[in-house]
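Asks: please work out how this folds:
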Amino acid sequence: MTATKDLFLQFPNETYWKFEVIYSFGTSNSTSALHFEINQPPSDGSCDINPKIETISTLFIVTCFDWQIEENIKDYSLYTASQQIIAFSSVSSFQVRLPIDNHLNLIVHIRDIMNGITEYNLSSVTVLSESIDLSEQSFIELLSSGNQNTIGQIITLINNELNQILGKAIPSGLSLISMSISSLKSTRMINMQTNPPINESARLTFNKEINRLANLREYFINFTSNLTIVSANSLKLQSLSLVQLTNGTNQLTRTTLIVASNKCYQLTHQLYQWLNKLPYEDVQIIATQLLQCASNILSAVNGPLQQRIEVLEKDFEHATEFLQDYDLELESMNTNLFVFYFQNELANELNKKIDEMISLLTSSLSVHINVGQQYTINTPQVFMSLERISTQSLLNKTIKQIENAQISFSINLSANQIVLLRSIVKPIAIYGNSRNTNLSRSLSLSILDKNGVKIHVQTSLATPIEFIIPRDPNLIIQKMTEQNITNKSMLFNYHKYYLQQNYSFHLEFHSFNQQLSYLLTYRLDSSMKTNIDGWKYFCSMKQDEIFTFFLDNSQTSNHKTIIFAIRELNTQEEKNYCRNQTSNLLIINSPMKFSSNYEIRSYLSACFYLNEQNQWQSDGLIVCSFLEIKNQ
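Replies: Numbering: from 1, shown residues only. Have a look, this model is predicted:
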């Protein structure tokens, strides 16, 4: 059983507690009780911060006094209102550098030797911006000090400045789908429904700035690698710095990724080793930040392989130097191939390391999750849900996630046991063996036994697992193609499309005359066949309606082409087949004249799963239309 701090905050004056458990065994009961006295946290003191308004380079002084009992105070730590740690100190007066904010609310945690904590809200301060030098030598003395507080505060300052520079560098109208990976919960950066004209000059300028920022991130992250880990506050501060420095996922060189992954890995193992010594609230903060770091690393290392972000100049130079060191002729060798090779090797290594980190972090978080309880991490970098339930609760289960992602299933395991259900959403899928997944978010579902071992389940068409998988919001949607057919006389207007194995087919249709209805028929593969394979009526029911047609991948399997025939219905035909909802196929004997243009768009879609060999496969998966899912 785990009792969170909220229970004790509800009854702050209660000192003596008793927890009792009643066990039922058939016709007999047994009880067990735990009595304990809770120590009172530090009290009767206050804290202050000065000055109340200054700039980001100013050293603000936090002073705490008159806390009882002073000799029992273990440390003081300063947090933002969003629970991000800024500094910690064993003395009651300490200096801090603060991030830009017009109304910065800060909280001091006063902790005693029994880990009792009192939170004290400071009066808000105003921190003004000022110009800072981001050259590599500008903070060398402070960063080389080895002081964790100083380094963490400087990294926060630097990260804010890097983000502002990047925001100003994004050129208007430039598609970022091949230059960045959208974070979770983000919206479309620019309202772009079609491919914009390529502005080569703007792209080169943006890439130049990206590479400059990448070099700075690589330089600054090296100051985190040798920081000592002395307490939970160390874990909080260092993991936060790593999240900040890895947030620019299109600005992380391979060197940066190696340093960041090694440090995140070290912090993850230290958290796991100290698990029984740390308050659960601290574990939650640290594990969340380490998961954010892990997700940033995965996005950054797989981004170039997925052609979602550019290869950085420094990484390209390293590949070139490798060829020169081995006296290989650049003219006869494809340097890009070596860049891909090095990136892929690192991605495979880091994918395995991150998997181990996620396993350890899952264990760290799940220790205090009891049956019927759930814990959710919901950040721009990663979404994770942990829920401990009985296997009986796996029947008709739905997990709702970020960005309308959803997993639904009904699993019947033979043995009734308690399991941990873990679902994760990441901004981008790993490369694996293809780029088919490069515009998709990544969803995962794991059922873990009491030892954290994955339980394998067998699914079928009768008992499927259904996933709703969101795409990157900056996905560019092609414009519909207008068909100039007004006043043209014909039996049908024909459209031919090519199919791909394991892909479903989607067609969207929009008439410029909202009152018109249409008949659509289709043939698979051969235009010489007499019989059609199917038909559908597009009946006008509402204004500006976009009609849709869908074939799943089982219907398109082993077919190479599909030919559509579209015919406008006259008034009598519309009455018979739309208003009267006749399901029979209209018999066509004579040509008709289209009275309006229409526009049309088609696309293919597929689902893939990652097998144990890190290869994307699609066998056994069926793609459903979103309309089918909503109607279930």
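
Asks: so how far is Ser385 from Lys400?
Replies: 9 Å (C-beta to C-beta, to the nearest Å). Yep, even glycine has a C-beta here, placed from its N, CA and C like the rest.

Asks: oh, that last question was meant for Gln406, not what I typed.
Replies: From Gln406 over to Ser385 (counting by C-beta to C-beta), the distance is 11 Å.

Asks: the closest residue to Tyr498 other than its chain neighbours and Glu200: what is the separation?
Replies: Spatially, and ignoring its direct neighbours in sequence, Tyr498 is nearest to Thr561 (5.7 Å; C-beta to C-beta, 6 or more residues apart in numbering). Between Thr561 and Glu200 the distance is 36 Å, computed by C-beta to C-beta.

Asks: and for Gln273?
Replies: Taken as C-beta to C-beta, the span from Gln273 to Glu200 is 52 Å.

Asks: okay, the two: which has more neighbours?
Replies: Gln273 (11 against 8; other C-beta atoms under 10 Å).

Asks: helix, strand or coil: sort out Asn211 for me.
Replies: Recorded secondary structure, Asn211: helix (DSSP: H, G, I helix; E, B strand; the rest coil).

Asks: hmm, it is touching Phe316, no?
Replies: No: Asn211 is beyond contact range of Phe316, at 9.8 Å (criterion: C-beta atoms under 8 Å).

Asks: just to revisit the earlier point, looking at Lys400 and Ser385, which is more packed in?
Replies: Ser385 (20 against 12).

Asks: who does the more buried one form a beta bridge with?
Replies: Applying DSSP bridges to Ser385 gives these bridge partners: Thr376, Ser423.

Asks: heads up, I number from 43, so please use that
Replies: Renumbered: residue one is now 43, and that last one reads Ser427.

Asks: for it, what are its contacts?
Replies: 416-419, 441, 443, 463-466 (C-beta atoms under 8 Å, 6 or more residues apart in numbering).

Asks: by contact count, what packs against the lengthiest helix in the chain?
Replies: Under DSSP state H, the helix in the chain containing the largest number of residues is helix 377-408. Secondary-structure packing of helix 377-408 (3 or more C-beta pairs under 8 Å, 6 or more residues apart in numbering; DSSP states H and E): helix 296-315, helix 322-344, helix 355-367, strand 425-432, strand 460-468.

Asks: for the stretch 543-674 of the chain, which segments count as helices?
Replies: In the stretch 543-674 of the chain, the helices defined using DSSP state H, counting those that start in this stretch lie at 595-598, 613-616, 668-672.

Asks: and the longest one, average pLDDT?
Replies: The average of the pLDDT scores along helix 668-672 is 48.

Asks: same thing with the second one?
Replies: Here the mean pLDDT over helix 613-616 is 90, rounded to a whole number.

Asks: returning to that earlier point: and among the helices and strands packed on helix 377-408, the most buried is which?
Replies: With neighbours defined as mean count of other C-beta atoms under 10 Å, the helices and strands packed on helix 377-408 peak in mean count at helix 322-344, which reaches a mean of 25.

Asks: for this protein, where's the lowest mean pLDDT among helices and strands?
Replies: Of all helical and strand segments in the chain, the minimum by mean pLDDT, DSSP states H and E falls on helix 668-672, at a mean of 48.

Asks: who touches stretch 649-661?
Replies: By C-beta under 8 Å, 6+ apart, stretch 649-661 touches 390, 393, 471-472, 474-476, 478-479, 509, 511, 544, 595, 648, 663-665.

Asks: now do 7 Å
Replies: Applying C-beta atoms under 7 Å, 6 or more residues apart in numbering, the external contacts of stretch 649-661 come out as 390, 393, 474-476, 478-479, 544, 648, 663, 665.

Asks: and that stretch, end to end?
Replies: Start-to-end span of stretch 649-661 (C-alpha to C-alpha, to the nearest Å) is 9 Å.

Asks: buried set for that stretch?
Replies: 649-650, 652, 658, 660 (16 or more other C-beta atoms under 10 Å).

Asks: overlap in contacts of Gln448 and Ser427?
Replies: Shared contacts of Gln448 and Ser427 (C-beta under 7 Å, 6+ apart): Ile441.

Asks: what's the domain layout of the chain?
Replies: Under the assignment automatic domain parsing, the domains of the chain span 47-79, 243-403, 407-517, 523-651.
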